[in-house]
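Visitor: model the following, please.
(chains A and B)
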Amino acid sequence: MDPRTHSLVIVVGSGGVGKTTLAAAMAASSASAGDNTLVMTFDPSLRLKDTLGVGLEAAESVTRVKADTAGALHASLLDARRTFDGLIDRYAPDEEARQRILTNRFYDRLSANLAGVLEYMASERLFEVAHEGNHDRIVLDTPPTRQALDFLGAPARIVGFLDSGALRIALKPWFDKEGKLKATSRLGIVGRNVEGFLDRMVGLELLRDMADFFRAFAPLYEGFRERALEVHDLLRSPETLFVLVSGPGEGRVADTLFFARRLTDAGYNLGPIVINRVHPILEDPNLETESEGHRLLAWLGKRDHRAVAELRDLVGESHPVIEIPFLPDEPTDLKSLRALGEMFESGLDEALEKL
Amino acid sequence: MGILNRLDKLQLLVVTGKGGVGKSTVTAALGAHLANRGRKVLLIEVDPRENLHQLLDTPPSGGEIVEAAANLWIQHIDPRELLDDLVREKLKVGALVRKVLASPVHLHFTEGAPGLKQTAVFGRALRMVEGHGPKELRRPDVVILDAPASGHGIAWMAAPQLVSEVISSGPIGKMAAEIATFLADRERFGSIVVTTAEEMPVQEVLELLDAMSTRLDRRPELVVVNSIYPEAPEARATDDDATRLWIRRRQVNEAELARLSAGFDGPVAEIPLEPIDAGPVLVGVVGEHLTEAFEDG
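Guide: Now for the predicted structure:
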């Protein structure tokens, strides 16, 4: 239940609840406590990049954050296309094969758009850094909820695809040197009809590009499959802990419970649930009648605290629920990031004590 | 020409926005507003978890077209089902259809192929506004699509074009090209972006505007800025946490509104944060604010 004793911490939750900032804050605290820590984040806001004081080089490789923490703090920003290209650079058997993939129309158009590629690339990157073993702790910020489930399912999907038979079909030598379907010559008039039919349906050009792409990629498949299986295991290992971040609004409680159940059902190790950005209770209740604005503020404070109480009630006492107040200012530098991290840790200590 | 004149003409509107900004509430309020003006409106949602019916106080659609109010219908669509329908329609032979639908190749292809699902949803909307809807609603005047929150809205709007470029011939390619042409038609298709006046959501809107202009040569008809904190009192040393937060949030809202208008010269509707839980009452109040914003131009 304590992320400070796990080597991989995965921060998940719906969009717009401050997940990325919280992941960075947790990483900053972890580094302050003396652990060599890496924070990996998806599509980070420009401000987080500035907050951590790293530039675009963090999208290329793991970058050291200039922080006077007892343990080193590193950051890595995830960029799907770059990771994909890097993978090809590394695993393509020769320069010709590399060029063949990189210049393939199918790859070029689709690699950035292909559903699941971003998620899959993130898990590739996670595999890499986890294997290098350079860090005591990795804090991984994931994309918003629904994509997070995609991310978590990506390794299983890749294995499913590789085992589905789709690939065996794609890898057959369908085309001859002239770019004609092989069946054309072998099957005579039937073959020509097949070719005509396929050309009409989706266009032979596309099929040729696809066949090329899959063939050029073939040497990489076995590696993909192995790594995907390892990531699948890593995500479920006892060393890995999930932290679920939620906002306080009414509808969020149901969302959070839904997601918590999905995670535990899928065999992941669910740690603390964080309710972020809780509006404070208006200190002087007499102010409530002073203006419309005061009435709104009072309402927001009550609504958020009701949601926290409801979630605590539904989750049960055996599970830590941490409440973090809506801060007037989002962290803009390491100092404020660490302050947020401390807020998280003291909430965690309090929650753990109650268990 | 006012924004309402534009909205009254369009046949398909896509509402996009980051999660948690109140996109579905705005979609419902906008739909009700146009329905009140006498247009037949169909709201389509594709998020796996149905939401619109709760906001409009009707039973869940469960895939059917449900009448939510006079002139206002809702439908929940599973894009996968649409793709399976397409297979049924093109292949016709029952045994063949079953074989294809059960095959993992079909499953992986339609799950993974970019843009196919989006194209299928737009295809359904196009058929409806052209008068080929089912008997419950033969021909809506306008279809409003509540696009899923995931990623950038541009992925939705650019999908048919992408599909038509990759699959250049055949029935799928033809359908995609037809839809891409429809989406390029300024007289028929438009988009609405919903955001809050906070840094990350506004940043995403600015990126979306940029992508729309370079990839589609379009801009949204309207940007709705939701959940704006009310004007705050002067800061005092004795302020409590709640008041300090309020003052700061209001400052952020004002700064982000300014940043948005520096990057977008089209219509912006500002909706205040209200002490009302999400539901039909909030939809009504947001609808009133939208009406005011439209009247002010």
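
Visitor: what stretches of the stretch 51-200 of chain B score poorly on pLDDT?
Guide: Scanning the stretch 51-200 of chain B for pLDDT under 70 picks out B:104-105, B:107-114, B:150-152.

Visitor: how close does residue A:257 sit to residue B:22?
Guide: Relative to residue B:22, residue A:257 is positioned 21 Å away (Cβ to Cβ, to the nearest Å). Quick note: C-beta positions are derived from backbone N, CA and C, even for glycine.

Visitor: the two - which one has more neighbours?
Guide: residue B:22 (21 against 17; other Cβ atoms under 10 Å in any protein chain shown).

Visitor: show me the contacts for the spatially closest residue to that one that is not a sequence neighbour.
Guide: Spatial nearest neighbour of residue B:22, chain neighbours left out: residue B:226 (4.4 Å); criterion: Cβ to Cβ, 6 or more residues apart in numbering or on different chains. Residues in contact with residue B:226, defined by Cβ atoms under 8 Å, 6 or more residues apart in numbering or on different chains, are B:21, B:22, B:25, B:26, B:194, B:195, B:196, B:271, B:286.

Visitor: tell me how far residue B:279 lies from residue B:19.
Guide: Separation of residue B:279 from residue B:19 (Cβ to Cβ) stands at 18 Å.

Visitor: who has more neighbours, those two?
Guide: Remark: of residue B:279 and residue B:19, residue B:19 carries more neighbours, 19 against 16, as counted by other Cβ under 10 Å.

Visitor: check which helix or strand covers the more buried one.
Guide: For residue B:19, there is no helix or strand it lies in under DSSP states H and E.

Visitor: what are the buried residues along stretch A:73-85?
Guide: Using 16 or more other Cβ atoms under 10 Å in any protein chain shown as the test for burial, stretch A:73-85 gives A:73, A:74, A:75, A:76, A:77, A:78, A:79, A:80, A:83, A:84, A:85.

Visitor: tell me the one of the residues you listed nearest chain B?
Guide: residue A:80 (11.5 Å; Cβ to the nearest Cβ).

Visitor: ok now the longest helix that chain A contains, how far from the chain's centre?
Guide: Assignment by DSSP state H gives helix A:292-315 as the longest helix of chain A. On the basis of Cα atoms, centre = their mean, to the nearest Å, helix A:292-315 is displaced by 30 Å from the centre of the chain it belongs to.

Visitor: stretch B:126-146 now?
Guide: Using Cα atoms, centre = their mean, the offset of stretch B:126-146 from its chain centre is 16 Å.

Visitor: residue ranges of the strands in the chain, please?
Guide: Answering for chain A, as no chain was given. A:8-13, A:37-42, A:63-64, A:73-78, A:137-141, A:240-246, A:270-278, A:321-325 (DSSP state E).

Visitor: switch to chain B, that's the one I care about
Guide: B:12-16, B:41-45, B:65-69, B:72-76, B:142-146, B:189-196, B:222-228, B:268-272.

Visitor: in a markdown table, list those along with distance to residue B:155.
Guide: Below are the strands of chain B laid out as a markdown table (distance: least, Cβ to Cβ, whole Å):
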| stretch | distance to residue B:155 |
| --- | --- |
| strand B:12-16 | 9 |
| strand B:41-45 | 17 |
| strand B:65-69 | 26 |
| strand B:72-76 | 20 |
| strand B:142-146 | 13 |
| strand B:189-196 | 13 |
| strand B:222-228 | 19 |
| strand B:268-272 | 23 |
